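Asks: model this:
(2 chains)
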Amino acid sequence: MKVVVQEAAFDPYKEVQAFQESLPRGKHGGVVSFVGTMRDINEGVDVSTMYLDHYPGMTEKHIEAVCADAADRWDIIDSLVVHRYGELFPNDPIVLVAVWSSHRAEGFDACRFIINYLKKKAPFWKRETTPEGEQRWVEHNSRDAKAEVADLEEAARTA
Amino acid sequence: MNITVRYFAGMRDRMGCSEANLTLDKGSVTVADVWAQASEGQPLPDSTLIAINMEYTDADASVCEGDEVAFFPPVTGG
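Replies: Numbers count the residues shown, from 1 in each chain, chains lettered A, B, ... in the order given. Now for the predicted structure:
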């Protein structure tokens, strides 16, 4: 498991490739990845830049806990999470979640679980700036991650 | 009892600082006591999340000497 929270921009596809090269060859049957990127609109309002605040230390701790939880629930080989903080621009990757597993079902389930729980637990906060220079804190994520988490917990119980 | 209080995002704006050191006289202290002293009696906004030493908790939790107590709005990462 590797969790990185960084201010610098990153190329998620290079991160996936570099991490995969560190894994034992021939053991995994696939990698499932999710890359979250910044949109230029939110709730009908144009957004020109975004600032991501975080709680250093607590953020890493809770993402690591979510990855460990996923590894307990599903038969996966390894996971990688990279998350930005600081100033972001439209199209910038915000987050990468990648999961290596022997079989695809575990990879898809674990990847979805990690991003859903990360959104629910990891202490990050988005502040958007409009083209007119107005700033506002985003009060909640647009999708209801709770509902997706509930679905997954049900799926895990019945797996 | 000496503790550190930290605020993030909109809570930092509201409190006007990101961190404060508090001294509480009581022997038994909860998060609610910490908030009451730090905010000078303001009500705690309903949606506020609380952490002690980087673990989520609630307003009834006990606080110990040297703890770091954080108050922040719902998280919006990912």
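Asks: is it true that A:H62 lies in a helix?
Replies: Yes - according to DSSP: H, G, I helix; E, B strand; the rest coil, A:H62 belongs to a helix.
Asks: Run through the residues that contact it.
Replies: With contact taken as CB atoms under 8 Å, 6 or more residues apart in numbering or on different chains, A:H62 is in contact with A:118, A:121-123. Bear in mind the C-beta positions are built from the backbone N, C-alpha and C, glycine included.
Asks: Can you list which of those are found in helices?
Replies: A:118, A:121 (DSSP state H).
Asks: could the contacts of A:H62 go into JSON lines alongside neighbour count and pLDDT?
Replies: Compiled in JSON lines, those are given as follows (neighbours: other CB atoms under 10 Å in any protein chain shown; pLDDT from 0 to 100):
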{"residue": "A:L118", "neighbour count": "26", "pLDDT": "96"}
{"residue": "A:K121", "neighbour count": "21", "pLDDT": "95"}
{"residue": "A:A122", "neighbour count": "27", "pLDDT": "98"}
{"residue": "A:P123", "neighbour count": "27", "pLDDT": "98"}
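Asks: Return only those of the contacts of A:H62 found close to chain B.
Replies: Among these, the residues within reach of chain B (CB under 8 Å from any CB of the partner chain) are A:118, A:121-123.
Asks: Average pLDDT for stretch B:11-18, rounded please.
Replies: With pLDDT averaged residue by residue, stretch B:11-18 scores 97.
Asks: How about stretch A:3-14?
Replies: Stretch A:3-14 shows an average pLDDT of 98 in the prediction.
Asks: Same question for stretch B:21-41.
Replies: When pLDDT is averaged along stretch B:21-41, the result is 93.
Asks: same thing with stretch A:58-77?
Replies: Averaged over stretch A:58-77, pLDDT sits at 98.
Asks: Now the helix or strand containing A:D72 - C-alpha only, CSV.
Replies: In the assignment (DSSP states H and E), A:D72 maps to helix A:58-73. Below are the C-alpha coordinates for helix A:58-73, written out as CSV (Å, rounded to 0.1, in the frame of the first residue of the first chain):
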residue,chain,number,x,y,z
MET,A,58,-4.9,12.9,9.7
THR,A,59,-5.5,12.9,6.0
GLU,A,60,-2.8,10.3,5.3
LYS,A,61,-3.8,8.2,8.4
HIS,A,62,-7.4,7.9,7.3
ILE,A,63,-6.6,7.1,3.6
GLU,A,64,-4.2,4.4,4.8
ALA,A,65,-6.9,3.0,7.1
VAL,A,66,-9.4,2.9,4.2
CYS,A,67,-6.8,1.0,2.0
ALA,A,68,-6.1,-1.4,4.8
ASP,A,69,-9.8,-2.0,5.3
ALA,A,70,-10.2,-2.7,1.5
ALA,A,71,-7.3,-5.2,1.7
ASP,A,72,-9.1,-7.0,4.6
ARG,A,73,-12.4,-7.1,2.6
